[in-house]
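Trainee: prediction below, plus the sequence it came from.
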Amino acid sequence: MGNACYYSVEKLLSSSLLSKNLKVRIYKTVIVPVILYGCETWTLTLREEQRLRVFENKVLRKIFGAKRDEVTGEWRKLHNTELHALYSSPDINRNIKSRRLRWAGHVARMGESRNAYRVLVGRPEGKRPLGRPRRIWEDNIKMDLREVGYDDREWINLAQDRDQWRAYVRAAMNLRVP
């Protein structure tokens, strides 16, 4: 869906009549919400995170265009570091992690009678299939918290303190990944 949305506004993003700021606003208001719909519940693998990063870089390259090399005078694509310097907002994976942590705190503070909380703390019955276990949503939450400096196992207890949890959510949004 994100690709379809991107190609529907591709001519606007490559237009020389629109400013780069307006193109970035189009990206943030039209494309990003379509891509991130329901991302709070995703269990992303590293490969999927890489694919999202590649998609975002493709869109940003379309917005900011090519750069003329001072030495040779030839046009070249912008490097990823140059792209992220021009696009001052957090990348798409940071956005996903922040939203996922915000939703996790919300669910952890729900009452025991709510279905979302029961799904979070419940364990399914029966035998699991052979092979490596699939990554579950809670594993992603623990990994996100480890990235922002929280290493305790009991993150549900931490989520009860709204102010401290908000600080971790903000930290997840502001981390820069090379």
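Mentor: Alright, I've got the coordinates.

Trainee: give the contact list for residue 83.
Mentor: Residues near residue 83 by CB atoms under 8 Å, 6 or more residues apart in numbering: 57, 60, 61, 64. C-beta: built from backbone N, CA, C; applies to glycine.

Trainee: using TSV, lay out those residues together with pLDDT and secondary structure.
Mentor: Below are the contacts of residue 83 laid out as TSV (pLDDT from 0 to 100; DSSP: H, G, I helix; E, B strand; the rest coil):
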residue	pLDDT	secondary structure
57	94	helix
60	94	helix
61	93	helix
64	92	helix
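
Trainee: which of the residues you listed sits closest to residue 29?
Mentor: Comparing these against residue 29 with CB to CB places residue 60 closest, at 15.2 Å.

Trainee: could you find the closest non-adjacent residue to the closest one?
Mentor: residue 83 (4.8 Å; CB to CB, 6 or more residues apart in numbering).

Trainee: which one of the contacts of residue 83 has the most neighbours?
Mentor: Top of the contacts of residue 83 by neighbour number is residue 60, holding 21 neighbours under the definition other CB atoms under 10 Å.

Trainee: which strands and helices lie in contact with the one helix or strand in the chain whose mean pLDDT sits lowest?
Mentor: Using mean pLDDT, DSSP states H and E, the weakest-scoring helix or strand in the chain turns out to be strand 67-68, at a mean of 85. Judged by 3 or more CB pairs under 8 Å, 6 or more residues apart in numbering; DSSP states H and E, strand 67-68 is in contact with strand 75-76.

Trainee: after the strand it packs on comes which helix or strand?
Mentor: helix 80-86 (DSSP states H and E).

Trainee: about what we covered before: what about the residue nearest to residue 60, distance to residue 165?
Mentor: 31 Å (CB to CB, to the nearest Å).

Trainee: so who does residue 18 touch?
Mentor: Counting by CB under 8 Å, 6+ apart, residue 18 has contacts 12, 26.
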